[in-house]
Structures are given as C-alpha cells and as structure tokens.
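[1] Here's a sequence, model it:
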Amino acid sequence: MRRIVLGVIAAVALASPAFPQTYHDSQGTIVPGIVQIGAFSAGTVTFTATTGGASVTLPGAVSRYPTLNVENTGAQDVWVKNGGTAAVSGGTYIRAGSTKCLSTAGLSSFSGITQSSTTTVAVTQSNGCG
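    Sure thing, here's the model as predicted:
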C-alpha cells in the first residue's frame, strides 16, 4: 500500500503543468517562441493595364520564386501573360476584383491588357500561392 501511495505522489509531482518559456534578444526585448512559416515573397509590383497593354519586370529570381499571385484590383477585366505582350484574344483572363495563381514559366516579365479603359494589377512573386 505504501508503494502505491508513493507512486501516486511521484506521478502527481512529475505531472506538473508546463510553463511557457520566454525568449529575449540582445536588447532584452521579448521574442515570440513561435514563428509562422509560410510562402516567402520576392515582392509585389503594381501596374496599370490599358487597352494598349503594359508590362513590368518581376522583382525576384524566377528560379527561387516561381509563382505569381496576380490580383486585378481594378474595375475592368484584364488578360495577362508571362513575358511578351498580352493580347485580349489570348493569355489568362482575370475578372475585375479577382485573384489567380500563375507560374512564372521561367520568364522575368509580366504584361496585361484590357478591352476598354484601365485597371490596376498587383503581381506578387513568391515561392507558392496561398
């Protein structure tokens, strides 16, 4: 019986709650112990697509950041294309207010064109969409 009581006391003592750890940098500032890991971005470029077309150079190396999160933030639909010049009859169609994830296809420029008026396109180059 004594062994059982000592075993229960030992189990309760060892089962104490875990306490959070606090990390500090060299200046004493508290640093969170959890770091969010997600898609890494090379940056975002924004351009205005017109009926005559427009293009931009992507901000990062296409081998390291092979995907594009393309957001049409304007009020007109847009056709976009990697490299070269986009055409209304070809490319990828993105409705006004919509977003699409595309591949860089190894090309370092991006273009867009509208059928009427203008629209703003934001292109974020990253290692994955999400």
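
[2] burial count for residue 115?
    10 (other Cβ atoms under 10 Å). In this view, the C-beta of every residue, glycine as well, is placed from N, C-alpha and C.

[3] List the contacts of it.
    Contacts for residue 115 (Cβ atoms under 8 Å, 6 or more residues apart in numbering) come out as 51, 76, 77, 88.

[4] Let me have those in CSV, extended by secondary structure.
    Listed next are the contacts of residue 115 as CSV, based on DSSP: H, G, I helix; E, B strand; the rest coil:
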residue, secondary structure
51, coil
76, coil
77, coil
88, coil
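
[5] Now render these as a markdown table, adding pLDDT, distance to residue 45 and neighbour count.
    Below are those laid out as a markdown table (pLDDT from 0 to 100; distance: Cβ to Cβ, whole Å; neighbours: other Cβ atoms under 10 Å):
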| residue | pLDDT | distance to residue 45 | neighbour count |
| --- | --- | --- | --- |
| 51 | 93 | 20 | 12 |
| 76 | 96 | 19 | 17 |
| 77 | 95 | 20 | 18 |
| 88 | 79 | 22 | 15 |
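
[6] ok, so of these, who is nearest residue 119?
    Among those, residue 76 lies closest to residue 119 (Cβ to Cβ), at 4.0 Å.

[7] hang on, the earlier thing: possible to save the contacts of residue 115 as TSV with distance to residue 120?
    Below are the contacts of residue 115 laid out as TSV (distance: Cβ to Cβ, whole Å):
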residue	distance to residue 120
51	15
76	9
77	13
88	18
